[in-house]
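In: Compute the structure for the input listed below.
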Amino acid sequence: EVPTKRASSLSNAGRGPEAAEVYLEAADRVPPDQAWQLKGQAAQALLANGHLERGKALLKEVLHTMGISTPGGAASAVVSFLSLRARLRLRGLDFTEHAEEELPREDLDRVDACTVAAIGIGLADPVEGAAYQTRGLLLALDLGEPRRICQAVATEGAFSALGGNKGLTRTGQLLHLARSIAVRHDDPHLQAAVDASESIAALQIGDWLSCHDAAHRARTTLRELRVPGHWELATAETYLLAGLGFLGRLDQALEQFSSILTQAQLVGDLHIETHARLGMEFNAYLIMDQPEQAETDIRGALDKWPIKEGFTLQHAYAQRALAQTALYRGDAATALDLAEEGYRKLSRSGLRSVLLILALNREQRARARLAMAAHSDGRRRASLLKGARKDAAALDGLGYAWTSSAALLLSAQASLLKGDAISAGRQFGQAAAMYRAAHMAAHAAVAEVRRAQIQAPNEAAAARGTLSDLGAQNPEALARMVSPVGGEESQQ
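Out: Residues are numbered from 1 along each chain as shown. The predicted structure follows:
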């Protein structure tokens, strides 16, 4: 009793690895029919903190004891996910409500194990995470316990958004159902869980403002409730950081980054730490104009990530962050090598189904191609321009406000390299307006800098001042990262 209370306290404080050790020591002292529950709690503590290899191995042992099969690899995870998703479509979301105390403890534990696996694994491998999520949702619906159903349906809504607009209707329906359950039971904790899922879903479809606002609501509620447990609040904090980055509120993002990183490192939460260090739209050290430190920190975070094989979200984040740093420095060749390698690996991995990641990396590849085209000539230049225009067209075809804005910014740079400064100036101005409408202040300021450099050089300083006001320590270097072509090229 006493060791498990200590383990629970450690887990609630976010100290997953320490909690896991206490749970496992306790499991060695009890009969096998009780040990699997303690091992399950140990697995959950490890997964929640990003210690995936050990957590997954322990989880599979526990799930097998529970009679639940687990994916054997990437291909198996895809098959499992598709099979489970087909079962969910046939079954539907209807359920008969039962109070928790009416239900067998082992059945509730199965749902809880799948839920933690879905989130803990899904933050690295969304496909495998989705397989656990759908299985957990099916189990929750069959049991009918409303709190677990609400959480499972809300998490399903977040996973549903990974495919972008094609899943938008279903995402909305799922989140509406989860919200209705939380409201009907007058449970602010559940409502905070739905807010967190809404934040994740909004991020996936490029609605940065809704991502920020939903994460802020979740954080506020969880703080007011003083909910025990580090994981939920840390997740809300992380998506608040993501929203701030895309919104271009660079000074606020730096403050949030510092707060999250300190807490994550204090408790050993690798999930939150690597997301903060690798996943920001504008790397914290680039905002501070420290590109050497940015590269060191990116590589350090990747070295610390426990999964070395395959290509997880963290690997994709790191590859993109390194290419961003190269563009910031003006190193077009390195940026292009990194961007093309990252997109190639991404396209061959399960992450290709995550539309946001694919689009962000395609947009970055196009910027790197344009940067290299500016330093090339002849067939090489023509090939790079053709590739960048193809990327821009693909982005525009996705139909999101941010991808259409990015496509126009890319087209403006391509026009400038083709010698059409008049079209480029107009396109930069249109891109600035579109980015403002998409609530992307830093990107809008960069587009405005480029427009002014062509159409009204006396206005360029004011546009750079906007970037400074947002928090950029070196506005011109940040502008070079977002729009590599401009400035000197506009004078050629």
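In: Show me where this protein has its strands.
Out: Under the criterion DSSP state E, the chain contains no strands.
In: Count the neighbours of residue 383 for me.
Out: By other Cβ atoms under 10 Å, 13 other residues sit near residue 383. Using the backbone N, CA and C atoms, a C-beta is placed for each residue, glycine as well.
In: contacting residues for it?
Out: Listed by Cβ atoms under 8 Å, 6 or more residues apart in numbering, residue 383 has no contact partners.
In: Tell me the spacing between it and residue 455.
Out: As for residue 383, its distance to residue 455 is 29 Å (criterion: Cβ to Cβ, to the nearest Å).
In: And for residue 221?
Out: Remark: distance between residue 221 and residue 455 (Cβ to Cβ) = 47 Å.
In: Surely residue 98 and residue 145 touch.
Out: Yes. Contact status for residue 98 versus residue 145: in contact at 6.0 Å, counting by Cβ atoms under 8 Å.
In: Neighbour count: those two, which is higher?
Out: Taking neighbours as other Cβ under 10 Å, residue 98 and residue 145 compare with residue 145 leading, 24 against 12.
In: for the chain, longest helix please?
Out: If you go by DSSP state H, the chain has its longest helix at helix 378-398.
In: Now that helix: buried residues?
Out: If you call a residue buried by 16 or more other Cβ atoms under 10 Å, then helix 378-398 has these buried ones: 381, 384, 385, 387, 388, 389, 391, 392, 394, 395, 396, 398.
In: Pick out whichever of residue 221 and residue 455 has more residues nearby.
Out: residue 221 (21 against 17).
In: Can you pull out the low-pLDDT segments for this protein?
Out: Filtered on pLDDT under 70, the chain yields the residue ranges 1-2, 72-75, 229, 487-492.
In: From the centroid of it, which residue is nearest?
Out: Central residue of the chain (Cα atoms, centre = their mean): residue 279, 6.8 Å from the mean position.
In: Pretty sure it sits against residue 246.
Out: No. Look at residue 279 against residue 246 with Cβ under 8 Å: they stay out of range, at 10.9 Å.
In: Residue 281 against residue 246, yeah?
Out: Yes. Under the criterion of Cβ under 8 Å, residue 281 makes contact with residue 246 at 5.0 Å.
In: When those two are compared, which one has more neighbours?
Out: For residue 281 versus residue 246, the count of surrounding residues by other Cβ under 10 Å is larger for residue 246: 26 against 23.
In: What is the burial count for residue 232?
Out: So residue 232, with other Cβ under 10 Å, has 21 neighbours.
In: That should have said residue 96, apologies.
Out: For residue 96, the neighbour count with other Cβ under 10 Å is 8.
In: Over to it: give its phi and psi.
Out: With angles defined as degrees, to the nearest 10, residue 96 sits at phi -110, psi 120.
In: Who's the closest spatial neighbour of it, skipping the chain neighbours?
Out: residue 144 (4.9 Å; Cβ to Cβ, 6 or more residues apart in numbering).
In: Could you give the backbone dihedrals for the one you found?
Out: Main-chain dihedrals, residue 144, degrees, to the nearest 10: phi 90, psi 10.
In: OK, contacts around it?
Out: 95, 96, 97, 98, 103.
In: would CSV of those with distance to residue 325 be doable?
Out: Below are the contacts of residue 144 laid out as CSV (distance: Cβ to Cβ, whole Å):
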residue, distance to residue 325
95, 49
96, 54
97, 52
98, 53
103, 51
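In: with the residues you listed in mind, which one is nearest to residue 423?
Out: Using Cβ to Cβ, residue 95 comes nearest to residue 423 of the contacts of residue 144, at 57.1 Å.
In: Neighbours of that closest one, how many?
Out: Residue 95: 17 surrounding residues under other Cβ under 10 Å.
In: what do you get for residue 115?
Out: Neighbours of residue 115 using other Cβ under 10 Å come to 22.
In: quick one: contacts for the nearest residue to it once chain neighbours are set aside?
Out: What sits nearest to residue 115 in space, not counting adjacent residues and going by Cβ to Cβ, 6+ apart, is residue 136, at 4.9 Å. Listed by Cβ under 8 Å, 6+ apart, the contact partners of residue 136 are 111, 113, 114, 115, 117, 118, 152, 155.
In: repeat that with 10 Å
Out: 68, 84, 110-119, 148, 151-152, 155-156 (Cβ atoms under 10 Å, 6 or more residues apart in numbering).
In: Show me those residues that map onto helices.
Out: Counting by DSSP H, the members of those that fall within helices are 84, 110-119, 148, 151-152, 155-156.
In: Just the closest of those to residue 342, please.
Out: Distance to residue 342, by Cβ to Cβ, is smallest for residue 119 among those, at 24.9 Å.
In: That closest one contacts residue 52, correct?
Out: No. Judged on Cβ atoms under 10 Å, residue 119 makes no contact with residue 52 at a distance of 11.7 Å.
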